[in-house]
Structures are given as C-alpha cells and as structure tokens.
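1. Please find the sequence and the predicted model below.
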Amino acid sequence: MFRRILVPLDGSALAEAVLPQAMELARLHGAEVVLLRVESAPDYAVAQAAEEAQHYLGDVAASLREARVRVSTMVVLSGDTAGEILVQAELTAADLILMSTHGRSGVGRWMLGSVAEKVLRAAVTPVLLVRVPSPRRSASRRD
C-alpha cells in the first residue's frame with residue numbers, strides 16, 4: 001500500500017504524462033501525491049526560477065485537487081536533479097517514485113544521460129517508470 005507517491009516534474013509534457021497514473025494510484029491507495037520540481041538556475045535568477053516553479057506546481061496541484069487527490073508541492077534549488085529526487089524521496093518518506101521516460105536505449109541514452117535511469121539505479125524507494133513514446137516514434141507507427 002502506498003501512502004506517499006513522489007512525482008518529479010520538469011514542466012514538460014513527457015514528465016506530466018505520469019499524472020493519470022499518479023491520480024489512479026493515489027485514489028486506489030488513498031495516498032498523497034508529492035509533486036517535486038528540481039530547479040537549477042544561476043545565482044542571479046534563483047528567486048525568479050523558484051517563483052516560476054512554485055507557480056507551475058501550484059497549477060498542476062490544483063488540477064489534481066479538482067480530481068479529489070491529496071497533493072503537496074515542493075521546489076528544490078539544486079544542480080543535481082537525480083540526486084535531489086533521491087534525497088526528497090527519503091525526506092518525504094515516499095513509498096514510490098513515479099516518473100516518465102522516453103525509453104531511449106544505446107547511444108541516445110548514453111549521450112543524454114537519463115535522470116530516470118540514474119534514479120532507478122540508485123533508489124532505495126521503489127521506482128515506477130512509465131514509458132512515453134516520443135511524438136516522432138508515435139507518428140511513424142501510425143503510417
């Protein structure tokens with residue numbers, strides 16, 4: 001049974017693709033969804049980045065609350081996204097980390113360095129990765 005589900009978001013449609021699963025799991029288990037945004041910004045833009053991240057998470061949280069899901073938000077200013085996700089999973093006592101991934105393999109994953117893969121390899125907390133196909137890949141399958 002899950003009590004707290006950590007959902008890292010970066011503002012992208014890819015990251016937000018896990019929100020339906022987060023809502024379903026939260027309803028099924030009566031769990032709280034913790035939305036996390038790890039933001040790295042140069043010193044001169046930290047305040048603005050934090051404000052924008054908090055506004056973004058507030059909007060996402062509002063849509064979850066409308067669906068009757070308990071939700072909290074947190075913004076962390078750090079340069080190491082994967083490391084901070086792992087730290088916050090422990091600090092919030094998350095029972096699950098729920099993230100999306102492109103599902104890239106080979107050179108594509110090696111060159112880009114997947115945050116999801118880093119979290120998966122190092123997490124003590126269970127991690128559920130939802131594979132979201134890239135628009136290019138989806139479009140070519142329809143042809």
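-> Noted; the coordinates are in hand.
2. For this protein, which element, helix or strand, carries the lowest mean pLDDT?
-> Least confident helix or strand of the chain, by mean pLDDT, DSSP states H and E, is helix 106-112 with a mean of 45.
3. Helix or strand next in line after it, which one?
-> As assigned by DSSP states H and E, the chain's next helix or strand after helix 106-112 is helix 115-122.
4. Quick one: list the elements packing against that following helix.
-> helix 81-91, strand 96-101, strand 127-131 (3 or more C-beta pairs under 8 Å, 6 or more residues apart in numbering; DSSP states H and E). Every residue, glycine included, has its C-beta placed from N, CA and C.
5. mean confidence score for that helix?
-> The average pLDDT within helix 115-122 is 92.
6. Give me the buried positions along it.
-> Buried residues in helix 115-122, counting neighbours by 16 or more other C-beta atoms under 10 Å, are found at 115, 116, 118, 119, 120.
7. export the residues you listed to a markdown table and tack on distance to residue 127?
-> Below are the buried residues of helix 115-122 laid out as a markdown table (distance: C-beta to C-beta, whole Å):
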| residue | distance to residue 127 |
| --- | --- |
| 115 | 11 |
| 116 | 8 |
| 118 | 11 |
| 119 | 6 |
| 120 | 5 |
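8. now, which of the residues you listed sits nearest residue 33?
-> The closest of the buried residues of helix 115-122 to residue 33 turns out to be residue 119 (C-beta to C-beta; 17.0 Å).
9. The closest one and residue 84 touch, don't they?
-> No - assessed by C-beta atoms under 8 Å, residue 119 is found out of contact with residue 84, at 10.0 Å.
10. Can you check which of the helices and strands packed on helix 115-122 gets nearest to residue 32?
-> Closest approach to residue 32 among these is made by strand 96-101 (11.2 Å; C-beta to C-beta).
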